[in-house]
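Novice: Based on what follows, work out the 3D shape:
(2 chains)
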Number of protein chains: 2
Amino acid sequence: MTHFYKYNLNFRNAFLTAARNFPQREIVYRDKKRYTFSEFYDRVSRLCNGLKEIGVKEGDVVGVIDWDTYVYMESYFAVPMSGATLHTINIRYPPELIYLTMNYANDKYVIVRDEFVPILEKNAPLFDFVKGWIVYSEDGKPVETTLSPKFEYEDVIKKGKCDPPDLDEEMRATIFFTSGTTGMPKGVTFTQKQLILHALSLSSSMKYRPLTLTENDVFMSLVPMFHVHSWGMPYIAFMNGNKYVLPGRYEVKTILELIKNEKVTFSTMVPAILYMILNDKAVEDYRDYLKGWKVIIGGSALPKGLALKAISYGITVVGGYGLSETCPVLTISVMNDYTAKMKYEEALDHLISAGLPIPLVNLRVVDPAGKDVPWDNKTVGEVIARSPWLTKEYYNDPEKTEELWKGGWLHTGDLGVVDEFGYLHIVDREKDAVKSGGEFIPTIILENAISEVKGVGEVAIVGAPDPKWGERPVAFIVKTGEVSEKEIYDHLNEYVKLGRIQKWWIPDKIYFIESMPKTSTNKIDKKVLREKLG
Amino acid sequence: MTHFYKYNLNFRNAFLTAARNFPQREIVYRDKKRYTFSEFYDRVSRLCNGLKEIGVKEGDVVGVIDWDTYVYMESYFAVPMSGATLHTINIRYPPELIYLTMNYANDKYVIVRDEFVPILEKNAPLFDFVKGWIVYSEDGKPVETTLSPKFEYEDVIKKGKCDPPDLDEEMRATIFFTSGTTGMPKGVTFTQKQLILHALSLSSSMKYRPLTLTENDVFMSLVPMFHVHSWGMPYIAFMNGNKYVLPGRYEVKTILELIKNEKVTFSTMVPAILYMILNDKAVEDYRDYLKGWKVIIGGSALPKGLALKAISYGITVVGGYGLSETCPVLTISVMNDYTAKMKYEEALDHLISAGLPIPLVNLRVVDPAGKDVPWDNKTVGEVIARSPWLTKEYYNDPEKTEELWKGGWLHTGDLGVVDEFGYLHIVDREKDAVKSGGEFIPTIILENAISEVKGVGEVAIVGAPDPKWGERPVAFIVKTGEVSEKEIYDHLNEYVKLGRIQKWWIPDKIYFIESMPKTSTNKIDKKVLREKLG
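Specialist: Predicted structure coming up:
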């Protein structure tokens, strides 16, 4: 009888080596907390065990409501290690949607930062499915709350150390919701194996020029931790021994101070964040510290003007691309055999594109007949993909899942072209999406809200180009009776108060039109509306 | 019904992206052949199909008898892609052992370079289990042979192009035999999934300093392709877009010419090859081209004297460690949070060690009670490991397999210590250990010390039978210049004073010999040396 050990690609196995090889490497949370990989791993092990002590079972969902803090970082590892599923709750949703997604995912336990406690208390009766609230305050003081049963985060950690269990690699590790363009957000899930393969492949790609990351780079992801695993950066950094900086809530001044003081060399973010940083008055004082900063931009296409501005600060920017459904990374824009011969600036049009598929991603851009488009930088096709780290399904939604996976390829719904060097350029996002500051605004929820106003007939929200936010929503409305702009705004503001929509979703402009343009299948043709905006 | 695509970690899937991203990148075989990744992938696809056309079935074993050529490179990919198993036949075995291992593995088809045909013809009747000989000559001429049935390699490739099949990732990809110093070599096997995970993890580690490899480095592995997948380099280079240089049969002059002409920046090899190169007269003419060459040394410990000599040429050397049983890589010696603060030369004692486990390798050094030894650079223990890419078994040998995997850990049979920064130092192979008065003498430490004396080339310590102590160490030395016994003893006594070695470790005798006996994988053959001692 052989005792061959079947190695599962689970978190316990994958992260042991990091803790061993880089015991002194630091994790830094703002100017509040600083500790080593060794201490981090010890706390993660304890948290993993503590969660089990307070009743968390394999397969249970544990939600987190927090900014990018050390608590979130610990939860990223400890929750899946315990056998539970981490639900990275979107804190930019309105309260009602937060509730709906938590209910849909069936969050049994929730880790909550003190400042988010009041909003949960207000709606406490709704959360009857939650079996325990794990609260914390970063000053270490107990959190006063009516939420019950309540556990103090540090108490859970104190409950003892564990040797994390050796779990099946196909165990569900995470669940979260795509902000979706239509109605209720869709849930996507990923296994421990998927997250590890995603980390390994992306990590191996990061040695490519112009990134050329080593184990000595200092990471600070500016992709919120509730958003698609912060693009996998917490896992990659720990696996590879990179110092990791957590900025908490995003504030330009804090971000710049951290870059300076912690010598951050590498970040990931959506264009709106880079825009926000580079257009802040404070940035001039930090010129010296931005030099050599390497940044991957994803989430939306990287405008060339913004890239050039970044370059003028000595920042190296490259593009990347992926979806919530894809863990997220499918492509990053690094050098290949063609661009290898060019200088960074010469290759810029390629390097700010979505880029090249990373190892193990089989990516195609296909015409409606399913044929690959030529590398001509012109012919538009849909981006489809296969890879080990794509979501298996939309959670509990077989119908949308079938659509996503039709023909055995994940359909991104994004339109792209491929340039002569093989680089993917996304030319259009899912046709109805409005993305503002890197975040989707679910247009149908907004349209529904407006449609409730007396005198409003058909409504369509589309994205108008905006130099700061990428896009801002505008509303097209066909009247059915008397209605004023003010009545509509009053109604929306009322809904903001009720927590049904976010303040920043409110359309910048309202256009009253005679009739809605329609497609051949009688759907509102938003493309025509966008063209009206010029 | 969802059409979710279960992505198998097989060669077809894993290597599609490389062919897509780096179509123009080159594969170069000596000064004989030069072609692009795109052409290579096309030939690999055709070979995969051609093999099936001539009768190769899933699970069949296809052997290769060749130097490091483009044919071998193509076979590395095409044979597993077809569903067959690649047997990398050890051409440095004596003919009888070649026959025995081919028979044991049950090679149904064999790819043979013309110059190896005569030796096979001589023993043709023995090979009744072989269903087809696939022969080639690099000048493209048909190969005259009595081996039958015979296929010309280029004809097999011409038989048509295929979309390689989408195989189960657990499909056996390779089989080969460990050179074993005693009796019949043992067979080890690896799956496609194992080879891909090994490649990904090692590839992600290669970005660490002082290696800092990018997609633009030029690889030339000097680990023969019949030896443990040439440490995975063919797969890593193709997956990552690195130009790949194949040296054919190893000749110093050719190797140096290739480094110069093809701008090779990265190689892997055993110490004996580096020794051979640096001690060749021709090397002086290539000084300019060796500068900046990055080399991983494995297979045997890297003697410090040899490392210093390499450094004097501007070569960056680091250590690595693994076995035939482990695919092979378990550790490489790159910087961690401790050595990050040091210069390369200061960190040298750490960086020429076996090093640090790469991601997904769980490595321990344990005392006889199974307890981890402290990081004190002194306490010797056995190296044991878990990882996704360890051989599941010794082929058809349950007894030895059980021993290998006792307690669910792969037992390397190597003895090591861990230094204060976490670096593994192999101090002895269990079978080569010298045990004197009941205590192990770490021969590698002793060999290292002696290698630093000027005029000393290769050194080997072996145990001579001793009536009082059981064994006593003796040294075999190949001179590279003038050196006396006294100088060596003085140096060792100095090290005793410094506390680096123990007085009782000093060899009883020193033998100066003309050349070191080597095994088929170019390691010093201590068995032969012990036999000299009677």
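Novice: how about the helices in the stretch 101-250 of chain A?
Specialist: Secondary structure of the stretch 101-250 of chain A (DSSP state H, counting those that start in this stretch): helices at A:117-122, A:153-158, A:192-205, A:233-240.
Novice: For the residue of the stretch 151-300 of chain A found nearest chain B, give me the pLDDT.
Specialist: Closest to chain B within the stretch 151-300 of chain A is A:Lys207: 3.4 Å, counting by CB to the nearest CB. C-beta coordinates here come from the backbone N, C-alpha and C atoms, glycine included. Per-residue pLDDT puts A:Lys207 at 96.
Novice: Turn the helices of the stretch 101-250 of chain A into CSV, columns for mean neighbour count and distance to chain B.
Specialist: Listed next are these as CSV, based on neighbours: other CB atoms under 10 Å in any protein chain shown; distance: least, CB to the nearest CB, whole Å:
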stretch, mean neighbour count, distance to chain B
helix A:117-122, 16, 35
helix A:153-158, 19, 24
helix A:192-205, 26, 4
helix A:233-240, 25, 5
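Novice: so which of these comes closest to B:Lys260?
Specialist: helix A:192-205 (28.9 Å; CB to CB).
Novice: Stretch A:509-527: how far from the chain's middle?
Specialist: 31 Å (CA atoms, centre = their mean, to the nearest Å).
Novice: what distance separates the start and the end of it?
Specialist: 17 Å (CA to CA, to the nearest Å).
Novice: cool, and stretch A:217-227?
Specialist: By CA to CA, one end of stretch A:217-227 lies 23 Å from the other end.
Novice: ok, back up a step: quick one, phi/psi of the residue of the stretch 151-300 of chain A closest to chain B?
Specialist: Note on A:Lys207: backbone dihedrals following degrees, to the nearest 10 are phi -80, psi -10.
Novice: which residues touch it?
Specialist: A:Leu213, A:Thr214, B:Ser203, B:Ser204, B:Met206, B:Lys207, B:Thr212, B:Leu213, B:Thr214, B:Glu215, B:Asn240 (CB atoms under 8 Å, 6 or more residues apart in numbering or on different chains).
Novice: now stretch A:452-464: how far from the chain's centre is it?
Specialist: 29 Å.
Novice: what does it rub up against?
Specialist: Taking CB under 8 Å, 6+ apart as the rule, stretch A:452-464 contacts A:432-436, A:441, A:443, A:446-447, A:450-451, A:471-483, A:487-488, A:491, A:507-509, A:516, A:524, A:526, A:529-530, A:533.
Novice: same question, stretch A:102-109
Specialist: Residues contacting stretch A:102-109 (CB under 8 Å, 6+ apart): A:51, A:54-56, A:60-63, A:84, A:87, A:89, A:110, A:126-127, A:129-134, A:175, A:177, A:184, A:187, A:395-396.
Novice: go with 7 Å
Specialist: Contact with stretch A:102-109 is made by A:56, A:60-63, A:87, A:89, A:129-132, A:134, A:175, A:187, as judged by CB atoms under 7 Å, 6 or more residues apart in numbering or on different chains.
Novice: residues of that stretch that come out buried?
Specialist: A:Met102, A:Tyr104, A:Ala105, A:Asp107, A:Lys108, A:Tyr109 (16 or more other CB atoms under 10 Å in any protein chain shown).
Novice: Could I get the pLDDT score of the second one?
Specialist: Model confidence at A:Tyr104, given as pLDDT, is 95.
Novice: on that earlier part again, greatest separation within the buried residues of stretch A:102-109: which pair is it?
Specialist: So, the buried residues of stretch A:102-109 by CB to CB: farthest apart are A:Tyr104 and A:Tyr109, at 15.9 Å.
Novice: and A:Tyr321, helix, strand or coil?
Specialist: Secondary structure assignment for A:Tyr321 (DSSP: H, G, I helix; E, B strand; the rest coil): strand.
Novice: How many residues are close by it?
Specialist: 29 (other CB atoms under 10 Å in any protein chain shown).
Novice: ok now do A:Val28, which residues does it touch?
Specialist: A:Val28 touches A:Arg34, A:Val245, A:Leu246, A:Glu262, counting by CB under 7 Å, 6+ apart.
Novice: Could you identify the buried members of the residues you listed?
Specialist: A:Val245, A:Leu246, A:Glu262.
Novice: Show only the entries of the buried residues of stretch A:102-109 found in strands.
Specialist: If you go by DSSP state E, the buried residues of stretch A:102-109 have A:Asp107, A:Lys108, A:Tyr109 in strands.
Novice: Looking at these, which is nearest chain B?
Specialist: Of these, the one sitting nearest to chain B (CB to the nearest CB) turns out to be A:Asp107, at 24.9 Å.
Novice: Could you give me the buried positions within stretch A:403-418?
Specialist: A:Leu404, A:Trp405, A:Trp409, A:Leu410, A:His411, A:Thr412, A:Gly413, A:Asp414, A:Leu415, A:Gly416, A:Val417, A:Val418.
Novice: tell me which residues form a beta bridge with the fourth one?
Specialist: Looking back up the chat, that one is A:Leu410. A:Ala385 (DSSP bridges).
Novice: Please apply the same query to the last one.
Specialist: On the basis of DSSP bridges, A:Val418 takes part in beta bridges with A:Leu424.
Novice: list the contacts for it?
Specialist: Residues in contact with A:Val418, defined by CB under 7 Å, 6+ apart, are A:Val365, A:Val373, A:Trp375, A:Leu424.
Novice: go on, the second one?
Specialist: A:Trp405 is in contact with B:Thr2, B:His3, B:Phe4, counting by CB under 7 Å, 6+ apart.
Novice: which outside residues touch stretch A:48-56?
Specialist: A:62, A:78-79, A:81-82, A:84, A:109, A:131-132, A:151, A:156-157, A:159-162, A:164.
Novice: Buried ones among those residues?
Specialist: Of the contacts of stretch A:48-56, these count as buried by 16+ other CB under 10 Å: A:62, A:78-79, A:81-82, A:84, A:109, A:131-132, A:151, A:156-157, A:159, A:162, A:164.
Novice: Hmm, which of those residues is lowest in pLDDT?
Specialist: A:Cys162 (72).
Novice: Can you report how many residues neighbour A:Glu53?
Specialist: Neighbours around A:Glu53, by other CB under 10 Å: 17.
Novice: For it, what are phi and psi?
Specialist: Torsion angles, degrees, to the nearest 10, at A:Glu53: phi -60, psi -40.
Novice: Just the pLDDT at it, thanks.
Specialist: As predicted, A:Glu53 sits at a pLDDT of 94.
Novice: And A:Asn522, by the same measure?
Specialist: So A:Asn522 comes in at 54 (pLDDT).
Novice: Packing partners of the one helix or strand A:Lys309 maps to?
Specialist: Using DSSP states H and E, A:Lys309 maps to helix A:304-312. Here helix A:304-312 touches helix A:271-278, going by 3 or more CB pairs under 7 Å, 6 or more residues apart in numbering or on different chains; DSSP states H and E.
Novice: and for the helix it packs on, what are the contacting residues?
Specialist: For helix A:271-278, contacts defined as CB under 7 Å, 6+ apart pick out A:222, A:250, A:252, A:255, A:283, A:295, A:297, A:300, A:302-303, A:306, A:309-310, A:437-438, A:468-470.
Novice: Next, count neighbours for the closest residue to A:Ser137 other than its chain neighbours.
Specialist: In space, A:Ser137 comes closest to A:Asp114 once its chain neighbours are excluded; the distance is 4.2 Å by CB to CB, 6 or more residues apart in numbering or on different chains. Residues near A:Asp114, counting by other CB under 10 Å, number 17.
Novice: List, one by one, the residues from the stretch 1-150 of chain A near chain B.
Specialist: Proximity of the stretch 1-150 of chain A to chain B, by CB under 7 Å from any CB of the partner chain, involves residues A:1-5, A:7, A:9, A:13-14, A:16-17, A:20-25.
Novice: no wait, the stretch 351-500 of chain A
Specialist: Counting by CB under 7 Å from any CB, the stretch 351-500 of chain A sits next to chain B at A:356-357, A:359-362, A:386-388, A:392-393, A:398, A:401-402, A:405-409, A:422.
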